[in-house]
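Peer 1: Requesting a structural model of the entry that follows:
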Amino acid sequence: MLAAFAGAALVAVATLVSAWKHFGPIGEPAGRTAMRLVSATLLRWSVMVLGLYVLLARLEMSPPALISGLIVGLAGYLFALRWS
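Peer 2: Next up is the predicted model:
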């Protein structure tokens, strides 16, 4: 159960880091905004991959529970995007 929570928490932390990088000052040029989007997405998935490595290899959490928590976290993220 802890591994499932860790998987969902990993999605939440990666999304938080991505949002921190993505949002900038109002009125900046479109090119800079596009680069913020690209770098935020790259940063988000880097956090996800690094977090998966740490949780699976270093902390030796149960892979099925961790992946199921990760899927539930991503499903919640996509569900929230649908109505935003």
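Peer 1: what's near enough to touch the residue nearest the centre of the chain?
Peer 2: By CA atoms, centre = their mean, the mean C-alpha position of the chain lies nearest to residue 14, the distance being 2.9 Å. Contact analysis of residue 14 by CB atoms under 8 Å, 6 or more residues apart in numbering lists 44, 45, 47, 48, 51. No exception for glycine: its C-beta is placed from N, CA and C like everyone else's.
Peer 1: Spatially nearest residue to the third one, not counting backbone neighbours?
Peer 2: By that I understand residue 47. Of all residues not flanking residue 47 in the chain, residue 14 sits nearest, at 4.2 Å (CB to CB, 6 or more residues apart in numbering).
Peer 1: Can you tell me the element that neighbour falls in?
Peer 2: Secondary structure assignment for residue 14, by DSSP states H and E: helix 2-22.
Peer 1: List the buried residues for that helix?
Peer 2: For helix 2-22, the buried set under the neighbour-count rule, 16 or more other CB atoms under 10 Å, comprises 3-4, 6-8, 10-11, 14-15, 17-18, 21-22.
Peer 1: Could you tell me the per-residue confidence at the residue nearest to residue 47?
Peer 2: Per-residue confidence (pLDDT) for residue 14: 96.
Peer 1: Next: the one 4 residues further on.
Peer 2: Reading off the per-residue confidence, residue 18 sits at a pLDDT of 93.
Peer 1: now it, nearest residue through space, not along the chain?
Peer 2: residue 44 (3.7 Å).
Peer 1: before we move on, back to that, next SSE after the helix holding residue 14?
Peer 2: helix 30-53.
Peer 1: looking only at pLDDT, what's the mean for that next one?
Peer 2: 95.
Peer 1: for stretch 60-69, same thing?
Peer 2: The predicted model gives stretch 60-69 an average pLDDT of 96.
Peer 1: Tell me the buried residues in that stretch?
Peer 2: Those would be 61, 62, 65, 66, 69, for stretch 60-69 by 16+ other CB under 10 Å.
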